[in-house]
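**Q** Sharing a sequence plus its predicted fold:
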Amino acid sequence: MQLETVRREVSSSGTMQVAKATIKATPKIFDMFANDTYANKPLAIMRELVANGIDAQRTVNPNRPVEVQLPTPLDPTCRIRDFGIGMAHDFVMGPFMAYTDGSTKDKSDDDIGGFGIGSKSPFAYVDQYTLRVVHDGVLSVYTMFKDEDGIPAIGLQAQTTTDEPNGVEVSFPVEDADMQTFAEAAQEALQYFRPLPLVVNGTLNPPDYTYVGNNWSMRAKAGPLGVIMGGVRYPVTTASLDSSLRFDSKLKPLLEYGLDLILPLGSCGIAMSREQLSYVPKTSTNIAKALAAVVDDVVATFATFFDSCPSEWDAMALLSKETGMDSYSRSGRQQLLMANAKYKGQKLETNFRIEPQDFPRVGLRADEVQGWRIEPQRSRRSSNCPSPKWQSMVELYSISPAEIEQVIIDDLPQSPKSKTIQRIKEHVSSAVQAKKILIVRGRDEHQVTKLTLLLRGPTQVILTSSLPEPAPRAKAAKNVRPKVRMFTFNGNKDRFTHSPIFNLTPSTSKDQAVAEVPYADQPATGIMVVMNSFDLPHDFHRKMATGLVAYSELHFVNATDEPKIKAMFRNFNDVFDDRLAKALAAYPDLPQALALSNNSRMLKYTEAFGHIYRDKRFLDLPAAAHQRPFGRMCAAWQRYVVPLTEAQRKLASFVDPVLPAGVDPKALDEAIESKQPQAVILMQNLSMSSFDHRAILFDYL
């Protein structure tokens, strides 16, 4: 790549003695090139060696991929092989080993390289690697190494004739721990080269683009701009670009759209590490030109993208599908599409409003057209269609074709309105509503075409005349169940104060916890909680904390309504008492377990018990050890406290704790302190998680 040298005018006056700067070839200088140039060494090695291979093949094998063999546990060697012209021995021993001034590529933009250090990039990872060179029938094998002074050197190991094709292979050993790192580096660094390198012992996938334009591509996710030159992708630091570009209203949005610009070599300045751009004047200038071309390309593409749709309504629905309903999560391509989409030469949106001037355009009057928009049913228990709410079409606000599941046009005479509405209501009630339904009617049945044009031409329209006539209504049976006010409660706290709710009076702060059940949806059986002026029973929350009854089982009524449905529902207190009795019967030792689990003398040893019982040696102790005070304390803990579950602990407020017969924690604690003091000291001062400490403890049990 042709390198740009920035020269500035320097003026001097008088006569000066002048000396030029020099650089001494020291290990420090070469370590700087090897270790300090690259931030990601495996990635840099892959990138630099493959770039050199592509440059070598440019004139002889431009379409043949460079071969990359990734290391494996059986062959822990990384190899990069090109099929270029190779190198003559004199060139290898001379110019090839020169840093910075040895490159033959810095005067041309046909090659990727230019600094003369990429061929030595393996020194960033190893101190020695192999170079195999085939040139005009001669195979030369060299060792690249750092000599005793730490200076890079090269040595010829062997030379022989061969019928292999010309080219260069670089190979170096890779540690087992770094093999996955090199595989990941190959994917990240090589995916933009063309042709895509051939990877052995691994895979190499091209970039994941959602859209590919003319010398630009769109990544799946929005993000900073990237520039690709010669197969190397450079991230663009927006803050380093010229202000004229950063504040250009037309181009600025593209800087974060997730674009990758494919520019000719030399279009932008690059750092010596080839890991970032150099923001010389031409960098911003050429990026701005490329972004302007992207805008032109997008406008030309998206301007006709939707013209194949049969109508503007369908085009709007397709635009919503392509761009998504949430404007905050749109990808770069989706944002570009939204900004430049057209239909038949006119700006395309995802929704529209019917304005007064739209009616004369299709030959209608505003006062003779009505609309009725039905929202999706939010009630899980109700599938009935709501009563009609006809409005002026201007009052329907925004209409989004993507959200409208069905468009119904009423083409029946309006005289028997009840029958027409009943057809619509029965059709809507039988449909599974996931979206909105829009119903439009005009003055008479002859205005269907005009109404369709007013709606921007939806192709899928249902006419009320095509709907089945409503079935004769059966005479409603007399409802013998008395009407009551019934509520549900999910147990949530007050949304404003975050405190428990003790009164179920419907209010704004409780609308997410308390709901009134419509009479038509009220069950005929269940569990009834009786309230006094919406106040919950005083012990309601304490009982619910046990988990024996679920909130979803309960229906709440006031005391004044209780007699009306008492025969159909079970009382909450009765249900709770039955379930509590069953729970207590399933664990007869619960009073003893609760007594011991909350006993201060027992809690003193709880942590030690857990560590000891994880060691099987305790169970193998002589019987006499189990009869000593500490052993008896352990046995009580093991029998009563260990089986205690969290659900059983919640029953504590409904149980009277009783110590087990023959177990006196106070007396046992005093006996342990008097008869086994060494065990007490060890438990209090040693880490019981230590195997050795437990072993010592066993000696005192």
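**A** Arrived safely. Numbers count the residues shown, from 1 in each chain.

**Q** Name the residues of stretch 520-530 that come out as buried.
**A** For stretch 520-530, burial by neighbour count (16 or more other CB atoms under 10 Å) applies to Gln522, Ile527, Met528, Val529, Val530. Using the backbone N, CA and C atoms, a C-beta is placed for each residue, glycine as well.

**Q** and the residue lying closest to the last one once chain neighbours are set aside, how many neighbours does it have?
**A** Just to be clear, that refers to Val530. Sequence neighbours aside, Glu562 is the residue nearest to Val530 in space, at 5.0 Å (criterion: CB to CB, 6 or more residues apart in numbering). A count of nearby residues for Glu562, using other CB atoms under 10 Å, gives 16.

**Q** got a pLDDT number for Glu562?
**A** Note on Glu562: pLDDT of 93.

**Q** any chance of the buried residues of stretch 520-530 in JSON lines, with secondary structure and distance to Gln648 too?
**A** As requested, these are exported to JSON lines (DSSP: H, G, I helix; E, B strand; the rest coil; distance: CB to CB, whole Å):
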{"residue": "Gln522", "secondary structure": "coil", "distance to Gln648": "36"}
{"residue": "Ile527", "secondary structure": "strand", "distance to Gln648": "23"}
{"residue": "Met528", "secondary structure": "strand", "distance to Gln648": "28"}
{"residue": "Val529", "secondary structure": "strand", "distance to Gln648": "25"}
{"residue": "Val530", "secondary structure": "strand", "distance to Gln648": "29"}
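
**Q** and which of the residues you listed is nearest to Tyr397?
**A** Gln522 (35.1 Å; CB to CB).

**Q** how about the residue lying closest to the closest one once chain neighbours are set aside, phi and psi?
**A** Spatially, and ignoring its direct neighbours in sequence, Gln522 is nearest to Met486 (5.2 Å; CB to CB, 6+ apart). When quoted as degrees, to the nearest 10, the phi and psi of Met486 stand at phi -130, psi 140.

**Q** do the same with Leu453
**A** According to degrees, to the nearest 10, Leu453 has phi -60, psi -40.

**Q** Neighbours of it, how many?
**A** 16.

**Q** which residues does it contact?
**A** Taking CB atoms under 8 Å, 6 or more residues apart in numbering as the criterion, Leu453 is in contact with Val362.

**Q** just Ala567 next, same as before
**A** Applying CB under 8 Å, 6+ apart, no residues contact Ala567.

**Q** Is it part of a helix or strand, or is it coil?
**A** With DSSP: H, G, I helix; E, B strand; the rest coil as the basis, Ala567 sits in coil.

**Q** Against His538, how distant is the residue nearest to Val530?
**A** 17 Å (CB to CB, to the nearest Å).

**Q** now Gly231
**A** In terms of CB to CB, Gly231 sits 77 Å off from His538.

**Q** The two: which is more packed in?
**A** Neighbour count, other CB under 10 Å: between Gly231 and His538, Gly231 has more, with 21 against 9.

**Q** wait, isn't the more buried one in contact with Leu196?
**A** No: contact between Gly231 and Leu196 fails when scored by CB atoms under 8 Å: they sit 9.2 Å apart.

**Q** What is the subsequent helix or strand relative to the helix or strand hosting Cys634?
**A** Using DSSP states H and E, the secondary-structure element containing Cys634 is helix 629-636. Using DSSP H and E, the helix or strand that directly follows helix 629-636 along the chain is helix 646-649.

**Q** any idea how far the next helix or strand after that following helix is from the chain center?
**A** Next helix or strand after helix 646-649 toward the C-terminus (DSSP H and E): helix 665-675. Relative to its chain's centre, helix 665-675 lies at 58 Å (CA atoms, centre = their mean, to the nearest Å).

**Q** List the buried residues in helix 665-675.
**A** Judged by neighbour count using 16+ other CB under 10 Å, the buried positions of helix 665-675 are Pro665, Leu668, Asp669, Ala671, Ile672.

**Q** now the residues you listed in a markdown table, with distance to Pro73?
**A** Below are the buried residues of helix 665-675 laid out as a markdown table (distance: CB to CB, whole Å):
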| residue | distance to Pro73 |
| --- | --- |
| Pro665 | 60 |
| Leu668 | 60 |
| Asp669 | 60 |
| Ala671 | 62 |
| Ile672 | 57 |
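
**Q** Dump those residues to TSV, plus pLDDT.
**A** Converted to TSV, the buried residues of helix 665-675 look like this (pLDDT from 0 to 100):
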residue	pLDDT
Pro665	85
Leu668	83
Asp669	83
Ala671	84
Ile672	81
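
**Q** returning to that earlier point: phi and psi next, for the residue nearest to Val530.
**A** When read as degrees, to the nearest 10, the backbone of Glu562 gives phi -60, psi -50.

**Q** in the stretch 251-400 of the chain, which spans are strands?
**A** Secondary structure of the stretch 251-400 of the chain, counting by DSSP state E, counting those that start in this stretch: strands at 259-262, 269-270, 277-278, 342-343, 346-347, 370-374, 391-392.

**Q** taking these together, which one is wrapped up most tightly?
**A** Most buried of those, by mean neighbour count (mean count of other CB atoms under 10 Å): strand 259-262, with a mean of 24.

**Q** Determine the set of other helices and strands touching that one.
**A** strand 216-219, strand 226-229, helix 281-302 (3 or more CB pairs under 8 Å, 6 or more residues apart in numbering; DSSP states H and E).

**Q** what does it contact?
**A** With CB under 8 Å, 6+ apart as the test, strand 259-262 has contacts from 207, 209, 215-219, 225-229, 233, 287, 290-291, 294, 332.

**Q** Can you list the strands that it pairs with?
**A** Sheet pairing of strand 259-262 (DSSP bridges) gives strand 216-219 (antiparallel), strand 226-229 (parallel).

**Q** among those strands, where is the model least confident on average?
**A** strand 216-219 (a mean of 88).

**Q** so Lys268 touches Arg274, yeah?
**A** If you look again at residue 268, you'll see it is Cys, not Lys. No: counting by CB under 8 Å, Cys268 sits too far from Arg274 to count as a contact (11.7 Å).

**Q** Gln422 contacts Pro470, correct?
**A** Yes: counting by CB under 8 Å, Pro470 is a contact partner of Gln422 at 4.0 Å.

**Q** Touching both of Gly231 and Leu196, which residues are there?
**A** With CB under 8 Å, 6+ apart as the test, Gly231 and Leu196 both reach Leu190.

**Q** Which among the helices and strands packed on strand 259-262 is found nearest to Arg246?
**A** helix 281-302 (8.9 Å).

**Q** List the buried residues of that closest one.
**A** Thr283, Ser284, Asn286, Ile287, Ala288, Ala290, Leu291, Val294, Val295, Val298, Phe302.

**Q** Not counting its own residues, what contacts that helix?
**A** Residues contacting helix 281-302 (CB under 8 Å, 6+ apart): 4, 213-216, 225, 227, 236, 241-242, 244-245, 248, 250-251, 254-255, 259, 261, 263, 267-269, 277, 336-337, 340-342.

**Q** Derive a ChimeraX selection command for the buried subset of the residues you listed.
**A** Filtering these down to the buried ones (16+ other CB under 10 Å) takes a single ChimeraX command:
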select :4,213,216,225,227,236,241,245,248,251,254,255,259,261,263,267,268,269,277,336,337,340,341,342
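
**Q** Domain boundaries for this structure, per the record?
**A** 27-200, 209-302, 312-347, 358-466, 486-585, 590-699 (automatic domain parsing).

**Q** between those domains, which gets the lowest average pLDDT?
**A** Across the domains of the chain, domain 590-699 has the smallest mean pLDDT, namely a mean of 73.

**Q** tell me the centre residue of the chain?
**A** Taking CA atoms, centre = their mean, the centroid of the chain lies closest to Lys221, which sits 11.1 Å from it.

**Q** And for that one, nearest residue in space, chain neighbours not counted?
**A** Of all residues not flanking Lys221 in the chain, Gly258 sits nearest, at 5.8 Å (CB to CB, 6+ apart).

**Q** swap in Pro165?
**A** Phe83 (5.5 Å).

**Q** Same check on Leu139?
**A** Leu139's closest residue in space is Thr162 (CB to CB, 6+ apart), at 4.1 Å.
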